[in-house]
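1. What would the 3D arrangement of this be:
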Amino acid sequence: MLFVAIGVRMRIAIASDTASTAELEAALGDHGVLCDAVEAIADLPSVVALSGPYDLVLLRIAQPLRSALPAIRDLRRRGMTLPVIVTCGGNPAPEEEEAVLHAGADDVLFHPLRVSVLHARMQALSRRARGYACAELVCGNVTLDQEQHAVMVDGRRVNLTAREFDFLETLMLHKGVLLTKERFMTRLYADSEAPDSKIVDVFVCKLRRKLTAAGAAEIIRTVWGRGYVVFEPTEAAIEAARKVRQPDAEPAPRGWVRRSTRLMHATA
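-> All right, here's what the predicted structure looks like:
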């Protein structure tokens with residue numbers, strides 16, 4: 001089954017010290033990123049604190065690069081650990097770049113930028129902030145590959161719709177974190193296209209059914225009246241789930257297993 005690579009919607013706060021960010025917002029929107037523009041960089045820490053949660057902060061700086069320092073320091077002073085990317089025009093001194101990184105920025109990029117590369121960097125930083133080192137998210141015997149846009153249970157593909165994939169990706173990126181229905185709706189839908197929030201319960205029901213049929217241990221827990229959370233199942237639960245797997249899951253596509261095997265051999 002082919003998946004439409006729209007990806008889970010990231011939600012970011014974006015601010016600039018000079019030009020409008022409308023063009024960049026539109027370009028990132030084509031990659032599924034929801035952008036909240038902040039008019040003044042000085043207001044950024046307050047906006048992030050009051051209007052979050054956000055996956056990432058993006059600062060667009062002209063010159064000098066050190067003008068980003070107060071906002072970054074204020075974010076970190078308030079205990080905010082979300083990733084911060086600074087983009088910059090011109091050719092700043094190395095000392096300025098070092099100062100921005102030491103202040104708490106995670107990456108500094110220079111114009112001209114390719115939006116696809118910027119988006120990939122944003123995804124990588126967001127994953128690492130949640131403890132994932134690569135595009136493969138693992139929980140129990142379930143593996144979600146963001147690059148291949150595929151979900152596997154013990155190496156066998158599970159047929160999910162694009163929206164079901166996005167829903168599971170959101171859960172697995174926030175493993176151990178309670179997600180409310182409102183949080184799902186914000187990440188998965190634009191305001192103009194959002195259906196009733198009961199759709200969240202529908203997705204959970206479908207995911208549980210499909211994962212269970214593929215031999216996956218239960219990884220989605222309901223917190224009644226609040227939302228859902230992904231948790232790590234026990235080895236006993238995984239073994240019990242494998243015994244009742246239905247033989248209708250597709251085998252892993254060629255190359256996917258080989259790539260994982262290569263990585264395993266490389267680290268042995």
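
2. Please, where are all the helices along the stretch 101-250 of the chain?
-> 115-129, 162-173, 181-188, 199-213, 235-243 (DSSP state H, counting those that start in this stretch).

3. Can you mark which positions in stretch 63-82 are buried?
-> Of the residues in stretch 63-82, 65-69, 71-72, 74-75, 80, 82 count as buried by neighbour count, 16 or more other Cβ atoms under 10 Å. In short, each C-beta sits where N, CA and C put it, glycine included.

4. can you tell me the distance between the two ends of that stretch?
-> End-to-end distance for stretch 63-82, by Cα to Cα, to the nearest Å: 24 Å.

5. for stretch 110-119, same thing?
-> Terminal-residue distance, stretch 110-119 (Cα to Cα): 14 Å.

6. What about the buried residues of stretch 63-82, which are in helices?
-> 69, 71-72, 74-75 (DSSP state H).

7. lowest-confidence stretch among the helices of the stretch 101-250 of the chain?
-> Comparing mean pLDDT over those, the weakest stretch is helix 181-188, at a mean of 76.

8. Now do that helix: distance to the chain's middle.
-> 13 Å (Cα atoms, centre = their mean, to the nearest Å).

9. returning to that earlier point: need the ones in helices among the buried residues of stretch 63-82 in JSON lines with distance to residue 51 and pLDDT, can you?
-> As requested, these are exported to JSON lines (distance: Cβ to Cβ, whole Å; pLDDT from 0 to 100):
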{"residue": "69", "distance to residue 51": "22", "pLDDT": "91"}
{"residue": "71", "distance to residue 51": "15", "pLDDT": "92"}
{"residue": "72", "distance to residue 51": "18", "pLDDT": "93"}
{"residue": "74", "distance to residue 51": "15", "pLDDT": "92"}
{"residue": "75", "distance to residue 51": "14", "pLDDT": "91"}
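
10. As a markdown table, the buried residues of stretch 63-82 with distance to residue 232 would be great.
-> A markdown table is the format used below for the buried residues of stretch 63-82 (distance: Cβ to Cβ, whole Å):
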| residue | distance to residue 232 |
| --- | --- |
| 65 | 41 |
| 66 | 43 |
| 67 | 43 |
| 68 | 38 |
| 69 | 39 |
| 71 | 36 |
| 72 | 34 |
| 74 | 35 |
| 75 | 30 |
| 80 | 26 |
| 82 | 23 |
